[in-house]
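Student: The following comprises the amino acid sequence and a computationally predicted model.
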Amino acid sequence: MLDELLLREMTPAVIGVLVHRGVDFTTAEDAVQEALIQAALTWPERQPADPKGWMVTVAWRKFLDTHRSEASRREREQRVAVEPPPGPTETADDTLALFFLCAHPSLTPASAVALTLRAVGGLTTRQIAQAYLVPEETMAQRISRAKRTVGDVRFEEPGDPATVRRVLYLVFNEGYTGDVDMAAEAIRLARQLASMTDDEEASGLLALMLLHHARRPARTRRDGSLVPLAEQDRSRWNTSLIAEGVAVLQTALGRDRLGEFQAQAAIAALHADARRAEETDWVQIVSWYDELLRLTESPIVQLNRAIAIGEADGAVAGLAALATVDPGLPRHTAASAYLHEKAGDLLTAARLYADAAWSAPNLAERHHLTRQAARVSQALRG
Amino acid sequence: MAKYLLLKHYRGSPEAVNDVPMDQWTPEEIEDHVQFMRDFATRLKGTGEYVDGQALSPEGTFVRYDGEGRPPVTDGPFAETKDLIAGWMVIDVDTYERALALAGELSAAPGAGGKPIHEWLEVRPFLSAPPTVTE
């Protein structure tokens, strides 16, 4: 058996070793990717006794091969050192430096996601391409462009944890699932980030991911259709993930430096805390949305806050809150349909559910909203 | 990132500015047009935004189920069908604006007289996977 996780975990450290031997990031990353592919071929037969030593040796050899053939093309007489130069091999900060480099602000979100998954996550280009449903060649180009973009950035250049958090959030929230479970991968990387930085928001992000991941078994039916939060079988929520998420969140909140991920995680924790949907503490959830709105001023938060008000203070109050939200927002119509149904206006609700289904951003939501429209219409017919 | 379909019609879209049927172009003009399309796809592969591109024959047949144990019924092609798709390109881009910009470039493919066709392309977003975090 190939211990793929072990391979992935050592990837950033091996890149770090090569960089400390004087190889530039772009070349080092390529060499390690080739070593990863070779490991995937040969390890199932026989896993080396010292996996990391093997990876460093093979990656170094891959680098020398490339370097030699390039050098011989340019200047045949120029000699290349065959033995690695002495000096520091790796430092604990390499992985963090790679996180920063791969989420560099000069990169577009999609490039940063791809580069992070390859250089920090140790995934192959093929796995990343599968996860995002694009051809492998396209993903390869996206990654090499990203590497060119950060080509002149110093490896140890201090970075901004906020950019790394955004990248990991995207991997968690918008990843499809191919060969590799992107949500699990995002959690693994967020765990690493939180352990390396003294950053409450990194913990907030990790807690948010854990709390949402805990609901995954209850979130979809066997046919792939979505189960809304209120209807989920809560006995299928993963209690150990919830416990871990709550613990991580409490430690972060205790340091009294609130940020948007901590506030979002707090809302998720309140949902996790209710054994039945009817026991949800909506009043507290509304107050967390107030905090979140203060931190982000996001219209999507306004929308979700209006729904929470509908639960805490009744549908009429919810509709009043919704009236102040931009009606052009995705899911505005769906929220309005829900609140109208709750207020007893079935005729409007049926129409709005149908409208919302028409403009749903994904198939699972469209099917869900179409069923809601059908259910309310049927009730109207008696 | 989001995927968009750039849809090209034989029929059914509003009239292009340089609307001369392809069979009345010179062979060089056709060659230039084909090369433009090829270069466009190559460039998008290079930027990591290309997903797929296909051209369709204008000849098509309608097919439907005709009951248990019976072969499917076929019919057509219907000359009067309003909408006729010629082909598509699927792109994976960061923003909707980028999708529009690329469709605009594609619409400038050279046609008769070597001038841009200014044809109307339809831009359709893909329905994505549902996000994990919704509340």
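Tutor: Good, I have the coordinates.

Student: what about the residue of chain B found nearest chain A, how many neighbours?
Tutor: Proximity to chain A, evaluated over chain B using Cβ to the nearest Cβ, is greatest for residue B:48 at 2.6 Å. C-betas here are computed from N, CA, C, even on glycine. Neighbour count of residue B:48, defined by other Cβ atoms under 10 Å in any protein chain shown: 25.

Student: so how far is residue B:96 from it?
Tutor: 18 Å (Cβ to Cβ, to the nearest Å).

Student: Equivalent analysis for residue B:81, please.
Tutor: Applying Cβ to Cβ to residue B:81 and residue B:96 gives a distance of 30 Å.

Student: for residue A:8, same thing?
Tutor: With Cβ to Cβ as the criterion, residue A:8 and residue B:96 are 34 Å apart.

Student: So which of these two has more stuff around it?
Tutor: Just comparing residue A:8 and residue B:96: by other Cβ under 10 Å the higher neighbour count belongs to residue A:8, 21 against 12.

Student: mind listing what that one touches?
Tutor: By Cβ atoms under 8 Å, 6 or more residues apart in numbering or on different chains, the contact list for residue A:8 reads A:121, A:122, A:123.

Student: before we move on, what about residue A:102?
Tutor: A:112, A:115, A:116, A:119, A:120, A:146, A:150, A:167.

Student: Which parts of chain B are strands?
Tutor: Along chain B, counting by DSSP state E, strands occupy B:2-11, B:50-55, B:62-64, B:73-75, B:84-93, B:122-125.

Student: Listing request: residues of chain A with sub-threshold pLDDT.
Tutor: A:1, A:71-92, A:175-177 (pLDDT under 70).

Student: Now with 50, please.
Tutor: Scanning chain A for pLDDT under 50 picks out the ranges A:76-88.

Student: Taking it, what residue is nearest to chain B?
Tutor: For chain A, Cβ to the nearest Cβ, closest residue to chain B: residue A:142, 2.6 Å.

Student: so who does residue B:29 touch?
Tutor: Applying Cβ under 8 Å, 6+ apart, the residues near residue B:29 are B:110, B:111, B:112, B:113, B:114.

Student: Name the member of these with the most neighbours.
Tutor: residue B:111 (25 neighbours).

Student: Going by neighbour count, which residues in stretch A:284-291 are buried?
Tutor: A:285, A:286, A:287, A:288, A:289, A:291 (16 or more other Cβ atoms under 10 Å in any protein chain shown).

Student: Helix or strand: which one has the third one?
Tutor: Pointing back at residue A:287 there. For residue A:287, the host element (DSSP states H and E) is helix A:282-296.

Student: any idea how far that helix is from the chain center?
Tutor: Chain-centre distance of helix A:282-296: 23 Å, with Cα atoms, centre = their mean, to the nearest Å.

Student: swap in stretch B:5-14?
Tutor: With Cα atoms, centre = their mean, you get 6 Å for stretch B:5-14.

Student: Buried residues of it, list them for me.
Tutor: Buried, per 16+ other Cβ under 10 Å, within stretch B:5-14: B:5, B:6, B:7, B:8, B:9, B:13.

Student: Are it and chain A in contact anywhere?
Tutor: No: judged by Cβ under 8 Å from any Cβ of the partner chain, stretch B:5-14 stays clear of chain A, getting no closer than 13.3 Å.

Student: Contacts for that stretch next, please.
Tutor: B:58, B:81-91, B:99, B:102-103, B:106, B:119-126.

Student: count of neighbours near residue A:235?
Tutor: Counted with other Cβ under 10 Å, residue A:235 comes out at 9.

Student: Please identify the nearest residue in space to residue A:258, excluding sequence neighbours.
Tutor: Using Cβ to Cβ, 6 or more residues apart in numbering or on different chains and skipping residues adjacent in sequence, the residue nearest residue A:258 is residue A:291, 6.6 Å away.

Student: Drop anything exposed from the contacts of stretch B:5-14.
Tutor: B:84-86, B:88-91, B:99, B:102-103, B:106, B:119-122, B:126.

Student: before we move on, the earlier item: Throw the strands of chain B into JSON lines and include mean pLDDT, thanks.
Tutor: Compiled in JSON lines, those are given as follows (pLDDT from 0 to 100):
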{"stretch": "strand B:2-11", "mean pLDDT": "93"}
{"stretch": "strand B:50-55", "mean pLDDT": "94"}
{"stretch": "strand B:62-64", "mean pLDDT": "93"}
{"stretch": "strand B:73-75", "mean pLDDT": "92"}
{"stretch": "strand B:84-93", "mean pLDDT": "94"}
{"stretch": "strand B:122-125", "mean pLDDT": "96"}
